[in-house]
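# Here is my input, please return the structure:
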Amino acid sequence: MTDVTASVQHYYGEVLSSSQDLRTSACCAAEAPPVHVREAIANVHPEVLERFYGCGSPVPPALEGATVLDLGCGTGRDVYVLAQLAGPSGHIIGVDMTPEQLEVAERHRSWHAERFGFDTVEFHEGRIEDLGALGIEDGSVDLVVSNCVLNLATDKATVFREIFRVLKPGGELYFSDVFADRRIPAELADDPVLRGECLGGAMYWEDFRRLVLELGCPDPRVTERAPIAIEDAEIERQIGFAAFESVTVRAFKLPLEDRCEDYGQVATYRGTMAEHPHAFDLDDHHRLERGRPMLVCGNTADMLSGARYAPHFDVVGEKATHYGLFPCGPEETAAAGDSAAGACC
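Coordinates of the predicted model:
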């Protein structure tokens, strides 16, 4: 175990007794989750909620019957939320390296099983860099989620490699984490408090983009982002030169292209996801309204037709004819004057 890993384990297992002990807002939820998630959170044991240290709400829709892996599950808040949304035919796996956190999760497992009417969860103590040691097999998971944990990993390349190993073809990675507007100097990245507060290990977006591109994931999408305020004077003095954001990202295990290409394809949302009766936001610039056709790039068409969202969309058009690059971004789309147009990365 590295010194950084040991310090993170100590910080979350012994230094912090509740979310009130955090010195910044980096490891706190940035925005209120959607109504159906809030209702599920209300069914989670109070002690589990008290020791929750997430920075977002990485709970996508269409989870019925899904096998979900939660990396850095802590006391299990998101595991128990996901279990409710996946239902009795789902399977939720929580992994964490801090025994004090997992003890809380396991202690309240029967309480949640009685409340939900089923028990579909399991918890494993271990490192997210080595999921194979926990028996998680290749291509066995529909969805991987993580809530403000990947920044804590010392070997992020190995973590993401493991994620894409265990995902099924068409599977999704959906995570919230802290990103910085630059690379954090090594002496600050290894500082125990800065690391524990999710700032020292914050990812620089371009490094993240290059890393997942090398792993065969060329088109990660941002779904939400919010600035992080550093209100602790000492921490501001140390690392206030950088700007931090809480960002929620989705990425798919699909053979996508590294640019948004135009094949004249059109996607229409059927409005059949219970959590999204009127519209579905694929990312921060793809809002697909129920019944309204949208011109989309090849990557977006593949995401909607090649993942678990496929039953909820009609995607028309093959890739027989290529029309060049797809307009990338809302401004270019608006300039094109096409009311049916979409926009990509």
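# dump the residue contacts of residue 71.
Neighbour list for residue 71: 95, 128, 144, 145, 146, 149, 150, 159, 163, 175 [criterion: Cβ atoms under 8 Å, 6 or more residues apart in numbering]. No exception for glycine: its C-beta is placed from N, CA and C like everyone else's.
# From residue 183, how far out is it?
23 Å (Cβ to Cβ, to the nearest Å).
# Can you report how many residues lie near residue 279?
13 (other Cβ atoms under 10 Å).
# no wait, residue 258
Neighbours of residue 258 (other Cβ under 10 Å): 11.
# do the same with the one 5 residues further on
Number of residues near residue 263 (other Cβ under 10 Å) recorded here: 17.
# That one contacts residue 302, correct?
No: checked against Cβ atoms under 8 Å, the pair residue 263 and residue 302 is beyond contact range at 10.2 Å.
# how about the helices in the chain?
With DSSP state H as the criterion, the chain has helices at 3-10, 35-41, 46-50, 77-86, 99-107, 109-116, 156-166, 186-189, 192-196, 205-214, 233-239, 298-306, 330-336.
# Out of those helices, indicate the one that is most buried.
helix 77-86 (a mean of 26; mean count of other Cβ atoms under 10 Å).
# Give me the contacts around that helix.
Here helix 77-86 has contacts from 36-37, 40-41, 43-45, 48-49, 52, 54, 58-59, 63-66, 68, 70, 73, 90, 92, 94, 105, 112, 116, 118, 120-121, 123, 145, 147, using Cβ under 8 Å, 6+ apart.
# change it to 7 Å
37, 40-41, 43-44, 48-49, 52, 54, 59, 63-66, 68, 70, 73, 90, 92, 94, 105, 112, 116, 120-121, 145, 147 (Cβ atoms under 7 Å, 6 or more residues apart in numbering).
# hmm, which of those residues are the buried ones?
Among the contacts of helix 77-86, those classed as buried by 16 or more other Cβ atoms under 10 Å are 37, 40-41, 44, 48, 52, 54, 59, 63, 66, 68, 70, 73, 90, 92, 94, 105, 112, 116, 120-121, 145, 147.
# the domain parsing of this protein - what is it?
As assigned by automatic domain parsing, the chain contains the domains 3-252, 265-336.
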